[in-house]
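> Sequence isn't available, so here's the structure alone:
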């Protein structure tokens, strides 16, 4: 049974991924602030899978990442599959972004991908096997007005994904990114009013937002052996929203 570490998995897309993989993998739930949600998810998953743990860590902090991996390895030996899912959004005009906010979003969304991937890679190389999935966004390719900072962080993820895939392929490690469009999560509903969400929905060809479970289904496929020839790709799942 392979081990999967999912950063930022106490709720939303991360929690949906954990639920989708729970029947086949050892699961490491990562959380930073949402302890109650993480513990609820832990109890839920452990009802059918004893090989689940929840670890607190700020995944943009190198020391906390090291500690998280050390505990994960003590429990499960090593991390076979890393899902870099943790992220935050920021919605404002460029001239209203202060530098502390800029650094916080880049640290959380982009630097965390570097830190966790760097820590996971040595064991993956030793085992000549590994899968890394980075959670990007449609805006990482196309950019979004009022979301320059968020778009920048996701664009960085896309380029880092392609570079890592080329570098790590000879070691049996696959690296891909998933770029969702609009996903129906609590975060999305908190960022936009009901009328704004209805206007956004009209721009989606399928005329609805993605469900977190649909993103989780794509993750399950990409980490499976059925996707063994897929690496270095930014895979869009957005219902025709371009």
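Structure's in. What do you need? Just so it is clear, the structure is predicted and the values come from calculations on it, not from any experiment. Residues are numbered from 1 along each chain as shown.

> What residues sit buried inside the worst-scoring helix or strand of the chain on mean pLDDT?
Every helix and strand in the chain was compared by mean pLDDT, DSSP states H and E; the lowest is helix 186-191, with a mean of 71. Applying a neighbour-count criterion of 16 or more other C-beta atoms under 10 Å, the buried positions in helix 186-191 are residue 188. Just so you know, the C-beta spots here come from the backbone N, C-alpha and C atoms, and that holds for glycine as well.

> Give me the contact list for it.
Contacts to helix 186-191, defined as C-beta atoms under 8 Å, 6 or more residues apart in numbering, come from residues 11, 12, 89, 91, 182, 197, 209.

> just stretch 204-223 next, same as before
With C-beta under 8 Å, 6+ apart as the criterion, stretch 204-223 contacts 4, 12-13, 15-17, 19-21, 81, 83, 131, 133, 176, 178, 180-185, 188, 197, 200-201, 227, 230, 235, 237-241.

> In strands, which of these fall?
Applying DSSP state E to these, the entries found in strands are 4, 81, 83, 131, 133, 176, 178, 180, 235, 237.

> Quick check: PyMOL command selecting the buried ones in the contacts of stretch 204-223.
For the buried members of the contacts of stretch 204-223, the matching PyMOL selection, counting by 16+ other C-beta under 10 Å, is:
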select buried, resi 4+12+13+15+16+17+19+20+21+81+83+131+133+176+178+180+181+182+183+184+185+188+201+227+235+237+238+239+241
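
> tell me, what residue is most central in the protein?
With distances taken as C-alpha atoms, centre = their mean, the residue of the chain nearest its centroid is residue 85 (1.5 Å).

> Wait, that one touches residue 7, no?
Yes: in this structure residue 85 lies within contact range of residue 7 using C-beta atoms under 8 Å: 5.3 Å.
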